[in-house]
Each structure stands twice: as structure tokens, then as C-alpha cells.
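Trainee: all I have is the shape, not the residue letters:
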């Protein structure tokens, strides 16, 4: 397995780093977080125009036909620059769905309509990445009628289209395409503790939909969701690596400048050792994430894919939490101010650690595989209950 | 990697497995999974015969070029070999220091005569080497060594006085490479004389001679694989300095750099074996039902996967020093944690001096792994290096 980036991948990572360094500066991030509700519409437009939102879509669906690795490299930069765009919710998470839909003629039309535009299209999953079955669809004459509530939908306040889970009359769980401006849909924007993200409570009251709104359901959805969770978790972990790496960078740069007792505090061993431990976390989790993405692109599925995702999340969650906490500590007093950036990363790392399942939940699911009698149903249920 | 390559590698994997299964049997069966360090009842004589068996099968120096008698195996094949070797129960390699540390350094710095004289014995599994670096007063501060080397004007031979310590397998080896500080008369003209890292020499010294005394150290494991080695007028031929006289530090550091690479993947295959023993025990004795232990066991399993990912990432071409610099800290702490976890999984039973051949090694793992974060650069030294070299924090 080759874990060295190829030229194209290196170019993607570098151009994203350069672009976001200019277009997602600390001042811009703060302005979006404090004045514009955590969504930078201009930046999102640019991200879409550069083709980053369709990198991993099949060519037949108008994408670049690249893999999870490319999404990982972009996600890493999104984390490092705290980009206020719904890259995770509206690009990463739906990608496996778009890929699935691209396999059929009718599905392809949906992908062309939703994924190729700059529309923000998010799936109404829970914070921890589960699909709740509590919303209901009934049939009324020729149309479907949807009722339900989806609390704390990630990037929900920025969404143009929701892909919402609901139970069909036949009892099977489905994902339905619901435009945010449909009659009966209400979106209550929620302020987040990490101001660089949006969230919303979404509800539907007697929302009328055509039969074609059902994008996927039943067993197909069940297996799609298992793969999607692993896929998304790996890109999310990449975002955590970016956050951790930037926190490390900031901390090291600050300690090189800060002088106490007549010398740069970076020369003190107590601080060096903290920085070194941050570095271990950053590089080990980057190795975990890259190898997971490479394996996924080489065709890893099912259990193998799950273990790779768990590995990436286990390492990157710890690394991001540790690095952002220590980043505040290494900044000393100014680390406690609003003016300095460490708290922005501290906030992002904390909210990322809750998305798609906590590290404890991933590890418990791994423990089931390692330690218990094989009962795959029981363990899937545990994650879905998340 | 293309399809053809994959097919060749899979055939290679099958070849390794088949050879191991048909050779690690009979009298060698008792060596299965014996790690060497901390292994009670480890039969060093048998381990040497096993080295020779491996050599006959062409499994020593597999990454060496044909010119040196190797099979020039690709990195992927070296990885496969080390992984299969351990998963088939291959024991810790008593020839490791010669094969993976000294030999590459000989190839780089050795004279044609030195290569012709020493490489074949290493490759054949007949010559065993010890590493004479640490001293009682020079541990983390290796440049503080005080062992002296001078030349006897009468014979032209090197004469060595001093003491080395923590010398693995010196009691089972025929040769030792010794990092020594040259006598003023030897390095008058040598570059860097007088500097802290200057004026050193790396000497190739026979251990079996009147001027050398080897005293085994009883370790916290109760076993003795490390030694003290005393040099009192010990001698070696005048031509047996490796690399330039006065530049010994550079040569010594090059040798340490050989410690990375494909063989660390073999080490991980052994970690996998140990982890599986612990998982098996947890399933048997009910520890697997403890929610906190479940978390730690899962974390350990995922961490091991990550060590593998990282080894693959850092063995790629053009890997930055920053990426490689975290490896030692990461694996040694992972392994030390595993030792502690083993004891927690043993639970109440762990307080007894166990003799069960499946449980005893777990207690030994707990003890042995305390060395991991000390040798080859302590945690603290590793962190200093990462901070200073990879992150550019000032000294």
C-alpha cells in the first residue's frame, strides 16, 4: 500500500491550503461566526466553482471521479482553516448517496439536479450520524405526506434541500428529498457553540411530496448507510487532523515568540514535551486517516471499512482534543482571550468529537467485533441508537 | 501496485508461509513466538541454529543486493516476509543486530576487505554482533562516552579501555562494535578533534579475548539478555575501524538510522500476537464484559492498526523527517500500555507468579515493555528531538 501522495493529490492539498489561507482568514472566520450565523455563502460559492464539491462524484454524474483520499485532503484543509462552509454535511456525507444514485438513470437525474449545483443539500441525520425512524410518511391520493421532526441537523440553517429519513407506510425506512422551501417545512436556526457551523431544528407538517422524492429505502438504504458512516467518519477525522495540525502550529509559533526569563518559552522542556506529544497525535492520526482513505479507494467495504473508520476516528478525535486543549495552555494567558484564535479551534474540535458517533461509541462497536460472539445485528443497532 | 505485482507478492507470501511451517517444527518448535527479551528458558544455542536454518533457506538479508548475497527483495516483500515470519511464530532474531544494524552500515562505510570478511558470516547466521554504545556515564547523552581507543605503535593494533553497558546478547556474541573516543595521539590530524562529537571511532572488536569481560545483568524480568562489557587493554586489528577515524559519531548515527524500516513491521506482527493473547484471555476470564476494559482493548487494537499505517507511511519514498520522528515514541508507549493492559485483564490472577505458558508471557510483557520507553532514546529524549528537529523549537 502506497501512502505517499501522488502529484495530483499534492496539488489538490496545496491549492486548497493556499486558497483557504487567503479566503478563510481568522478575520473572515470571526466575521462569519459573529455577524453572519456561521455560513460563508461567498466562500461556499467559490468552493463549488472550483469543483471541490464534486471531486468524488463519478464522471458520469459530472464529477471528477476521484476518491475519498481527495475528499480527505480537502477536509483536512477545511479543518485547518475553520472554513465556514458545510463541506462535511453537504459534500462529504451525501457523496456515497450520490454515488449510489448515479448507478441508475433516474438517480443520475437527481444527482445532476442536486449535487452539481451550488445548492446546499444536507441529510437529516442526528449529530451522531444515525437515521431516526420516527418521522412518518402516509399516502394521500397521488402524493406522499410527510410529518416529523429532525432535531439539530448539521448545517441545517444553510440548507436549500434536505434529505430526510422517514418511515414509509410499508414500514421501511427511506430517505426523501425535501426542498427547504416546501410548504409545511420549518427550519429553526440554532446558534452553535462553535460559531463556524450552523445547525437547525427541522420539522415537517403535512408536507406533500411526489413519489419520486423517495431516493432510497429498505435494505439498499441499510447497507448504504453502513458504508456512508464509515466513509464520512474518515473525512471527518481528516478535518480533525487539520484542526490538530493547525493548533500545533499556532502553539509552536507562539512559544517561539513569547519571551520569559530572558528567552523564548519554546526552549523550555515542559513546553517542548507538550508540543512533541501534539505532534505524535497529529502524525499518527494522519497516518490512520490516509491509510483508511487509500484502503477505501482500493475497495475496502463492510467490516474492513468499518475498522478503518474506527481507527481514523479513534486517533483523530484524541489528537484534536489534546492539541486544541494544549494549544490554549501553551498560549498562557492570551490563550484565554477572545482575541487569540486557540478557542476557535478548541470549539471546533469539541463539536467534531460528537459528530458521527463519539470515540467511545466507535470503540465499543470495535469491542463487539473483537470480544463478543458474532451478532452483527446487535452491534449495528447499538450504533443506530446513538 | 499492479495486478502482476500483487500476484508475485501473494506467491511470495505463500512461499514464506510454507517454508516457515515446514521448518519451524521438530526441535525448533520450542522457539515458537519466543521474543528473546524477557523470555524465560530461551535457548540461545537453538536460536542460533535457527538463524542458520533461516540462512540456508535464503531468508537472511533478504533486502540485501545480490552482490552481497541477498535476494534484493522489494520493500513490499520485506514487509510480507516480516509479517509472515512472526505470524507463523518465528522467534526473536538473535542475529538482528548484525543483520539489520551493522550490515547496512558496513555496506555504506566498510572497506571492501571488511565487507568481504564480515557480511558472509552475518548472512549465514554464524556471526553474532553486539552493540557497544551506552556506558554507565553515557546513556541519553551518548556523546559523553569515555571508552578510549589508542593505537599500539609496536603492533599497529587498536587498544581499547573502558566499559559498555546494556549490551544485548554480548554473552552470546563473538563480536562487538564499539564507539570509542580516540586518544589524542590518534586523531591529531582528524577533523573535529576536540569537539564534543569529534574524535570518535567505531571499532569492530572480537569479544572472545583476554582484555574483554562480559557480565550479564539480571533485569526486572528476572532474565539476563543485557550485559556489562569491560575492556581492559582489549585489542583489535589496526584496519578494523568502520568509516573514517575521528568521524565515529557520524558512522554511529548512520547505524542507528538503520533501525527504522521494514523490520519494524515484523515487530508489529509480534505485537499483534501479544494483543491476540490478551483478547483471548479477556474472552475466557470475563474481563471482556468490563466496559472500561472493552474501551481500552478496542483502543489498543485500533492503535496497533495505526502503528502499521504509520510504518507504511514512513517507509515511503521521500517521507519527511517530521513524519518518521514520531514513530519510536508512538510504538514504545503503545506497547508499554499494552503491558499494563495485560495485567489488568489478568486481574486478580495477575498477583500470582504464574507458570501457565499462555499467561506467564503476559506478565513478562508487562515487565519487558518498561524498557521500550528507555532504550533507543528515552521518551524524554524522543520528545526533545521531535520538538527541536521537527518543530524547530530552540535548544
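Mentor: Received it, and whenever you're ready, just let me know what you need. Predicted model, so just to flag it, every value in this text is computed and none were measured.

Trainee: next SSE downstream of the one helix or strand residue A:147 maps to?
Mentor: For residue A:147, the host element (DSSP states H and E) is strand A:143-154. Sequence order places strand A:161-167 as the next helix or strand after strand A:143-154, per DSSP H and E.

Trainee: quick one: average confidence on that next one?
Mentor: For strand A:161-167, mean pLDDT is 98.

Trainee: what do you get for stretch A:204-212?
Mentor: 97.

Trainee: still on that earlier bit, would you give the sheet partners of the strand holding residue A:147, along with the direction of each?
Mentor: strand A:136-140 (antiparallel), strand A:199-209 (antiparallel) (DSSP bridges).

Trainee: of the ones you listed, flag the one that's most buried.
Mentor: Each of the strands paired with strand A:143-154 was scored by mean neighbour count; the highest is strand A:199-209, a mean of 20, by mean count of other Cβ atoms under 10 Å in any protein chain shown. (Glycine included, C-beta is placed from N, CA and C.)

Trainee: report the angle between that strand and strand A:161-167.
Mentor: 70 degrees (axes from the mean of the first three to the mean of the last three Cα atoms, to 10 degrees).

Trainee: starting at the chain centroid, how far to strand A:199-209?
Mentor: Distance, stretch centre to chain centre, for strand A:199-209: 22 Å (Cα atoms, centre = their mean, to the nearest Å).

Trainee: neighbouring contacts of it?
Mentor: With Cβ atoms under 8 Å, 6 or more residues apart in numbering or on different chains as the contact definition, strand A:199-209 has outside contacts at A:124, A:135, A:137, A:140, A:143-157, A:159, A:162, A:164, A:176-178, A:182-190, A:192.

Trainee: where's residue A:106, which helix or strand?
Mentor: helix A:105-114.

Trainee: after that helix, which helix or strand is next?
Mentor: Assigned by DSSP H and E, the successor of helix A:105-114 is strand A:121-123.

Trainee: which strands or helices does that next one pack on?
Mentor: If you count contacts as 3 or more Cβ pairs under 8 Å, 6 or more residues apart in numbering or on different chains; DSSP states H and E, strand A:121-123 packs onto strand A:161-167.

Trainee: show me the helices in the chain, by range?
Mentor: Going with chain A. A:7-23, A:26-35, A:41-49, A:68-80, A:87, A:95-101, A:105-114, A:218-257, A:269-297, A:302-331, A:342-354, A:359-371, A:376-384 (DSSP state H).

Trainee: actually, chain B is the one I wanted.
Mentor: B:3-23, B:44-56, B:75-87, B:96, B:103-109, B:112-123, B:248-257, B:263-285, B:291-314, B:321-325, B:327-346, B:360-368, B:379-385.

Trainee: kindly reformat the ones you listed as JSON lines containing mean neighbour count.
Mentor: Conversion of the helices of chain B to JSON lines gives the following (neighbours: other Cβ atoms under 10 Å in any protein chain shown):
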{"stretch": "helix B:3-23", "mean neighbour count": "14"}
{"stretch": "helix B:44-56", "mean neighbour count": "18"}
{"stretch": "helix B:75-87", "mean neighbour count": "21"}
{"stretch": "helix B:96", "mean neighbour count": "17"}
{"stretch": "helix B:103-109", "mean neighbour count": "20"}
{"stretch": "helix B:112-123", "mean neighbour count": "17"}
{"stretch": "helix B:248-257", "mean neighbour count": "20"}
{"stretch": "helix B:263-285", "mean neighbour count": "19"}
{"stretch": "helix B:291-314", "mean neighbour count": "22"}
{"stretch": "helix B:321-325", "mean neighbour count": "17"}
{"stretch": "helix B:327-346", "mean neighbour count": "21"}
{"stretch": "helix B:360-368", "mean neighbour count": "21"}
{"stretch": "helix B:379-385", "mean neighbour count": "19"}
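
Trainee: which stretch among these comes nearest residue A:43?
Mentor: Closest approach to residue A:43 among the helices of chain B (Cβ to Cβ): helix B:321-325, 29.7 Å.

Trainee: just checking, what packs against the helix holding residue A:106?
Mentor: helix A:95-101.

Trainee: skip the chain neighbours and tell me the closest residue to residue A:321.
Mentor: Closest residue to residue A:321 apart from its sequence neighbours, by Cβ to Cβ, 6 or more residues apart in numbering or on different chains: residue A:349 at 5.4 Å.

Trainee: residue contacts, the most centrally placed residue in chain A?
Mentor: Closest residue to the average C-alpha location of chain A: residue A:88 at 3.3 Å, with Cα atoms, centre = their mean. When contacts are counted by Cβ under 8 Å, 6+ apart, residue A:88 is found next to A:75, A:78, A:154, A:155, A:232, A:235, A:236, A:239, A:355.

Trainee: cool, residue B:85 as well?
Mentor: Residue B:85 touches B:16, B:20, B:59, B:266, B:269, counting by Cβ under 8 Å, 6+ apart.

Trainee: just the closest of those residues to residue A:65, please.
Mentor: residue B:269 (36.2 Å).

Trainee: you'd agree the closest one is up against residue B:83?
Mentor: Yes - counting by Cβ atoms under 8 Å, residue B:269 touches residue B:83, with 4.7 Å between them.

Trainee: what touches both of these two?
Mentor: Shared contacts of residue B:269 and residue B:83 (Cβ under 8 Å, 6+ apart): none.

Trainee: for the chain, give me the ranges with low pLDDT.
Mentor: This is for chain A. Counting by pLDDT under 70, chain A has low-confidence residues at A:1-2, A:374-386.

Trainee: meant chain B actually
Mentor: B:1-3, B:188-194, B:260-263, B:317.

Trainee: try it again with 80
Mentor: Residues of chain B meeting the criterion pLDDT under 80: B:1-6, B:35-37, B:39-41, B:187-195, B:259-266, B:315-319.

Trainee: about what we covered before: now for the residue nearest to residue A:321, how many residues are close by?
Mentor: As a burial measure, residue A:349 scores 26 neighbours (other Cβ atoms under 10 Å in any protein chain shown).

Trainee: quick one on the thing from earlier: any idea which of the helices of chain A is most buried?
Mentor: helix A:68-80 (a mean of 27).

Trainee: that helix vs helix A:269-297, what angle?
Mentor: Going by the same axes, to 10 degrees, helix A:68-80 makes 150 degrees with helix A:269-297.

Trainee: show me what helix A:68-80 is packed against.
Mentor: Applying 3+ Cβ pairs under 8 Å, 6+ apart, one finds that helix A:68-80 contacts helix A:7-23, helix A:87, helix A:218-257, helix A:269-297.

Trainee: want to throw those helices into CSV with distance to residue A:30?
Mentor: Listed next are the helices and strands packed on helix A:68-80 as CSV, based on distance: least, Cβ to Cβ, whole Å:
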stretch, distance to residue A:30
helix A:7-23, 14
helix A:87, 19
helix A:218-257, 15
helix A:269-297, 24
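
Trainee: could you dump those to JSON lines with distance to chain B?
Mentor: Formatted as JSON lines, the helices and strands packed on helix A:68-80 follow (distance: least, Cβ to the nearest Cβ, whole Å):
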{"stretch": "helix A:7-23", "distance to chain B": "11"}
{"stretch": "helix A:87", "distance to chain B": "24"}
{"stretch": "helix A:218-257", "distance to chain B": "5"}
{"stretch": "helix A:269-297", "distance to chain B": "3"}
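
Trainee: of the ones you listed, which approaches residue B:36 most closely?
Mentor: Short answer: helix A:269-297, nearest of these by Cβ to Cβ, at 26.5 Å.

Trainee: chain center to the closest one, what's the gap?
Mentor: Its chain's average C-alpha position is 19 Å from that of helix A:269-297, according to Cα atoms, centre = their mean.
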